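Asks: predicted coordinates and the sequence they were generated for:
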Amino acid sequence: MSITGDQVVAEVRKLLGDPYMYGDAGPAAFDCSGLVQYTLSKLGITAPRTSEAQWAWSQKISKAQLQPGDLVFSQWPGDNASPGHVQVYAGGGNVIGADSTNVEQVPLSSNAGHIVGYGRPPGMTAAAAGAGGGGGLLSLALPAGVLSMFSMLETFFTKILWIVNPENVARVVAGVAGAFLALFGIGFLIAAGA
């Protein structure tokens, strides 16, 4: 089944103002990934439930390729997984998502510094070349192999950035120190019992 980005945006706009509820996937309340899953299901597309599964499932695209109906993935402090948040690009520099209180439309720029990447739902057709008004080189489509290579590099660098993040370095160091102390304690108990 093939859908258009305009259909996705029209469907998600019907839910503007609905309440946010963590872990809910509709039809009365939504969390971010539940909103995406519910919206796409209304159009016959079966999407995974969580933002991280939706990130893995979607076709990775660049910001230059972003069109209405595409997904915008971000990571915010306190998110349990990466990417911890997903919104639908509505066009005109805006996104629609289930954000803390309700389903709302906000500027894409409100995610500045937190965006992990962009994805296109499988089954959604790309807009015709030049339809976004960009024209020029930005409207050229890259071969799937090239996009796949960039997607793999993006995944690699995302993991590297996770490792070098000071918060995560502290977690790793604390985990190694905890394991060392546990082994030391076990060894001490064995030695004391001998």
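Replies: Sure thing, it's come through.
Asks: quick check: which ranges of this protein have low pLDDT?
Replies: Applying pLDDT under 70 to the chain flags the ranges 128-155, 158, 162-163, 194.
Asks: could you look up the SS state of the residue positioned nearest the centre of it?
Replies: Geometric centre of the chain, nearest residue: residue 73, 2.9 Å, by C-alpha atoms, centre = their mean. Following DSSP: H, G, I helix; E, B strand; the rest coil, the label given to residue 73 is strand.
Asks: tell me who's in contact with it.
Replies: 51, 54-55, 83, 85-86, 115-119 (C-beta atoms under 8 Å, 6 or more residues apart in numbering). Heads up, the C-betas are built off the backbone N, CA and C, glycines and all.
Asks: any idea how far residue 45 is from it?
Replies: Residue 73 sits at a distance of 17 Å from residue 45 (criterion: C-beta to C-beta, to the nearest Å).
Asks: distance check, the closest residue to residue 74 other than its chain neighbours against residue 72.
Replies: In this structure, residue 74 finds its nearest non-sequential neighbour in residue 114, 4.2 Å apart by C-beta to C-beta, 6 or more residues apart in numbering. Using C-beta to C-beta, one gets 10 Å for the distance from residue 114 to residue 72.
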